[in-house]
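Asker: got a sequence here, can you build the structure:
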Amino acid sequence: MTQVTIRRIEESWLEKAKIEAAERRVSMNQVLVEALRRGLGAETEPVRKTNLDRYAGDSDFDPEWDKFLEKDLKRLDPELWT
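Answerer: Okay, the predicted model is just below:
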């Protein structure tokens, strides 16, 4: 591994890297190295997202869903709590 200096970086990019590093609780260096790896297509495995962001807001639940929640999912089993 080697060390390099990159000049003339957009301030907005730097701010995004700082925010991501703080959110992920990793170093800004790690965020930037990963970004370079992805940008250069040098990843050994594809990046996997482990969240459900792509599903947020795309479902249209009908009134039957609320009935299902009330009937089945909000019911407590007394045997589990004794």
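
Asker: hmm, which helix or strand of this structure has the shakiest average pLDDT?
Answerer: Every helix and strand of the chain was ranked by mean pLDDT, DSSP states H and E. The lowest is helix 63-68, at a mean of 77.

Asker: put the alpha carbons of it into CSV.
Answerer: Below are the C-alpha coordinates for helix 63-68, written out as CSV (Å, rounded to 0.1, in the frame of the first residue of the first chain):
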residue,chain,number,x,y,z
PRO,A,63,-57.7,-1.5,5.4
GLU,A,64,-57.3,-5.3,5.5
TRP,A,65,-53.7,-4.8,6.5
ASP,A,66,-54.7,-2.9,9.7
LYS,A,67,-57.2,-5.7,10.5
PHE,A,68,-54.4,-8.2,10.1
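
Asker: list the buried residues for that helix?
Answerer: Across helix 63-68, burial judged by 16 or more other Cβ atoms under 10 Å covers no residue at all. Every residue, glycine included, has its C-beta placed from N, CA and C.

Asker: and that helix, how far out from the chain middle?
Answerer: When distances are taken as Cα atoms, centre = their mean, to the nearest Å, helix 63-68 is centred 29 Å away from the chain's centroid.

Asker: where does this structure have low pLDDT?
Answerer: 45-50, 52-60 (pLDDT under 70).

Asker: thinking again about what came up before, contacts for the least confident helix or strand of the chain next, please.
Answerer: Outside helix 63-68, not one residue touches it by Cβ atoms under 8 Å, 6 or more residues apart in numbering.

Asker: cool, stretch 23-40 as well?
Answerer: The list of residues contacting stretch 23-40 from outside it, by Cβ under 8 Å, 6+ apart, reads 17-18, 20-21, 42-43, 47.
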